[in-house]
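Participant: What would the 3D arrangement of this be:
(2 chains)
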Number of protein chains: 2
Amino acid sequence: MKKTIQFILNKPQLSENVGMSLRSIGCFGFENLSLVSPRKIWPNDKGIKSAKHFSSLVKKVKVYQSIPEAMKGSDILIATTVRKRDFHIPPIKVNEISKLKSKKISILFGQENNGLSNKEISHANFLLSIPTYNKSSLNLSHTVAFCLLYTSDAADEGLGVDLGG
Amino acid sequence: MKKTIQFILNKPQLSENVGMSLRSIGCFGFENLSLVSPRKIWPNDKGIKSAKHFSSLVKKVKVYQSIPEAMKGSDILIATTVRKRDFHIPPIKVNEISKLKSKKISILFGQENNGLSNKEISHANFLLSIPTYNKSSLNLSHTVAFCLLYTSDAADEGLGVDLGG
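Facilitator: Model (predicted):
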């Protein structure tokens, strides 16, 4: 089921972050990256360069105009945020994602400078925060990477499993 | 104890990776980053820009000429590698680091293009691999970030703790 998780970057500003996210997606055996209204047209040279040995995934990236379009077909949308929100949307921890029964999970990440707006976040079934010191915001691709590591087969196996062959 | 972990980047090539590592170090309440023979003189503009809201840590970064110099004062050196090695150095999992009794732990990361040489790795007490699909290599700053997340207070508390205040 895990390989089907869709990672959605909303309005990403830096193509390097898109590329580094894609590299990590490949590193953990996932492949579904979607972009909603990226600032730069995708694909582009900076993004491809940052994807490194996973440039094969570059053409699989889907580009949408809106979050509802991108999340179509998903049963569950998890929105990431570092700020506290007033919504009555239940929280989820990063190590709980892999316990969800749904087969069609999307995880939504906000743009680098100010994350997701309240309207954007209102589409979500769960809110996810990576607990940082003083709620400091992480680099976008690092947040994506944490979600990947915790939903990968490696995490289930206590991080000791050999995923490769 | 955790705040005293030293993160050592050996011969880092890209200042963006140094800066992004520093940002993550700040995000998890750590502060000790050391560089061994960085390709670009530190500090520099690209590195500072990538450190974002943790530019205050930029001047705390120590620069050394060799790994033995950088690891002086450490009881335990953990070397990160994605490749299998022939050494008789015991492995350690990323979620086991925080269980080590030592108060003076350093974690060593190799350069972006080909990691640590056998000679460089021979200084280590433990070898650490982040288990990736087909042993694909991660971005340097992502590997640093995983070590940070797993040694942070948040990981101990099941990732639910509020670190800030």
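Participant: Quickly list what residue A:8 is bridged to.
Facilitator: residue A:34, residue A:108 (DSSP bridges).
Participant: In three-state terms, label residue A:134 for me.
Facilitator: helix (DSSP: H, G, I helix; E, B strand; the rest coil).
Participant: ok, it to chain B distance?
Facilitator: 4 Å (C-beta to the nearest C-beta, to the nearest Å). Every C-beta, even on glycine, is put in place using the N, C-alpha and C of the backbone.
Participant: for residue A:137, same thing?
Facilitator: Residue A:137 is 7 Å from chain B, where distance means C-beta to the nearest C-beta.
Participant: Am I right that that residue is in a strand?
Facilitator: No: with three-state DSSP as the criterion, residue A:137 is located in coil rather than a strand.
Participant: Nearest residue to it in space, please, no chain neighbours.
Facilitator: residue A:82 (4.9 Å; C-beta to C-beta, 6 or more residues apart in numbering or on different chains).
Participant: tell me the contacts of the one you found?
Facilitator: A:115, A:129-130, A:132, A:135-138 (C-beta atoms under 8 Å, 6 or more residues apart in numbering or on different chains).
Participant: Output those residues in CSV; the columns should cover distance to residue B:52 and neighbour count.
Facilitator: Listed next are those as CSV, based on distance: C-beta to C-beta, whole Å; neighbours: other C-beta atoms under 10 Å in any protein chain shown:
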residue, distance to residue B:52, neighbour count
A:115, 14, 19
A:129, 18, 21
A:130, 15, 24
A:132, 12, 23
A:135, 14, 17
A:136, 9, 18
A:137, 8, 21
A:138, 10, 24
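Participant: Is the residue nearest to residue A:137 in a helix, a strand, or coil?
Facilitator: coil.
Participant: so what pLDDT did it get?
Facilitator: On the pLDDT scale, residue A:82 is placed at 90.
Participant: which intervals of chain A have sub-threshold pLDDT?
Facilitator: By pLDDT under 70, the weakly predicted segments of chain A are A:1-3, A:154-165.
Participant: Residue A:71 contacts residue A:8, correct?
Facilitator: Yes: with contact defined as C-beta atoms under 8 Å, residue A:71 counts as touching residue A:8 (7.0 Å).
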